[in-house]
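K.L.:
Kindly generate the corresponding structure for this input.
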Amino acid sequence: MIDVYNFSHVNKINYKDYVKFEGIENLEHVKDTPLILYTCHFGRFVLPLICLAKIFRPMGCIINDASGVPYSERLFRSFKLNLMEKHMKSTFFYTNKRMLKIFKFLKQNGMLVYLVDIEAKEKCKNSFWINFLNRKMLIYSTIIRLTSRTNARLIPYIAFESEDGMYPINCKIMKEIKFNKDDSNEVKMKKILKPLELINEKKDQWWISK
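P.N.:
Model (predicted):
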C-alpha cells in the first residue's frame with residue numbers, strides 16, 4: 001500500500017531508487033506501435049507501471065469492475081485507481097464496458113496494461129478455463145481478441161518484492177511473445193502464460209494464491 005503514496009515522488013531522475021528494471025531494452029523496439037504490457041496480480045506490479053509511464057510513454061489499463069466488492073474496499077480501490085490513472089497519464093477501461101474504445105486506443109499506437117489472471121464471473125463466449133500454477137481458473141480471452149484486432153505487440157513483465165529492504169523492487173521485462181498463423185486460442189494463451197511461470201519461485205507473492 002505504501003507504493004501508492006510514492007507515485008507522485010517518482011520521476012525520470014529518481015525512478016531507479018524505486019524500481020530496478022531488467023530487460024527494459026525489450027521495450028525499445030516497440031516504441032511507436034500498439035503495445036500490451038501484461039502481467040498478473042503478483043508482487044508490487046503497479047509501481048513499475050508508474051515509472052514506465054514517466055520514463056517511456058503513457059499507458060492505459062484494463063480494470064475489473066468492482067461489483068460485489070465491499071464498500072470499504074471500493075473506497076480505497078477508487079482512491080488507488082484514480083492515482084494510478086493520473087500518474088500513468090492515460091485512460092482506464094473496465095471489463096463491464098464495451099471494447100470498442102480499447103480497440104481504438106490501441107490502433108492509435110496506445111500502450112495498454114493487462115492482467116491475465118482477471119477471473120471471469122461466469123462462463124461466456126469470451127472466457128475459457130486454464131490451469132495456471134496448478135490452479136484452475138476461468139479467465140477472459142480479451143488479450144487474444146485485442147492482439148488479433150489491433151496487431152498489438154505482447155510483452156510480459158513480473159515485479160518481485162525487494163529482497164533487501166523496501167526499495168528498489170525488481171522488475172523483469174521479458175521478450176515479445178509471438179504467435180504462428182495457425183495457433184489456436186488455447187495455444188496462444190499457453191504462450192502468453194508461459195513466461196509468467198517464473199512467479200513459481202515466489203508464489204507467496206501471487207495475490208490470488210492467498
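K.L.:
where does the longest strand along the chain sit relative to the chain's centre, distance-wise?
P.N.:
Identified as the longest strand of the chain according to DSSP state E is strand 153-160. With CA atoms, centre = their mean, to the nearest Å as the basis, strand 153-160 stands 7 Å off its chain's centre.
K.L.:
same check, this time on stretch 121-131
P.N.:
That offset, for stretch 121-131, works out to 19 Å (CA atoms, centre = their mean).
K.L.:
Could you export that stretch as PDB, CA atoms only?
P.N.:
In PDB, the C-alpha atoms belonging to stretch 121-131 read as follows (Å, rounded to 0.1, in the frame of the first residue of the first chain):
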ATOM      1  CA  LYS A 121     -17.600 -14.100 -13.200                       C
ATOM      2  CA  GLU A 122     -19.200 -16.700 -15.400                       C
ATOM      3  CA  LYS A 123     -18.600 -18.900 -18.400                       C
ATOM      4  CA  CYS A 124     -19.300 -17.000 -21.700                       C
ATOM      5  CA  LYS A 125     -18.100 -16.900 -25.300                       C
ATOM      6  CA  ASN A 126     -15.200 -14.600 -24.200                       C
ATOM      7  CA  SER A 127     -13.900 -16.800 -21.400                       C
ATOM      8  CA  PHE A 128     -12.200 -20.200 -21.000                       C
ATOM      9  CA  TRP A 129     -10.700 -22.400 -18.400                       C
ATOM     10  CA  ILE A 130      -7.000 -22.600 -17.900                       C
ATOM     11  CA  ASN A 131      -4.600 -24.300 -15.500                       C
END
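K.L.:
For the helix or strand following the longest strand of the chain, which strands pair with it and how are they oriented?
P.N.:
Moving toward the C-terminus from strand 153-160, the next helix or strand (DSSP states H and E) is strand 169-173. Sheet pairing of strand 169-173 (DSSP bridges) gives strand 19-22 (parallel), strand 153-160 (antiparallel).
K.L.:
okay, those, which one's buried deepest?
P.N.:
Compared across the strands paired with strand 169-173, strand 153-160 shows the largest average neighbour count, a mean of 22 (mean count of other CB atoms under 10 Å). C-betas here are computed from N, CA, C, even on glycine.
K.L.:
Can you add mean pLDDT and give the strands paired with strand 169-173 back as JSON lines?
P.N.:
Formatted as JSON lines, the strands paired with strand 169-173 follow (pLDDT from 0 to 100):
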{"stretch": "strand 19-22", "mean pLDDT": "96"}
{"stretch": "strand 153-160", "mean pLDDT": "95"}
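K.L.:
For Tyr167, which of those is the nearest?
P.N.:
strand 19-22 (7.9 Å; CB to CB).
K.L.:
Just tell me which of the strands paired with strand 169-173 ends up closest to Arg74.
P.N.:
That would be, of these and by CB to CB, strand 153-160, which comes in at 24.3 Å.
K.L.:
Which residues does the closest one contact?
P.N.:
Defining contact as CB atoms under 8 Å, 6 or more residues apart in numbering, one finds that strand 153-160 is touched by 19, 26-27, 30, 33-39, 42-45, 47-48, 143, 147, 169-178, 192, 195-196, 198-199, 202, 205.
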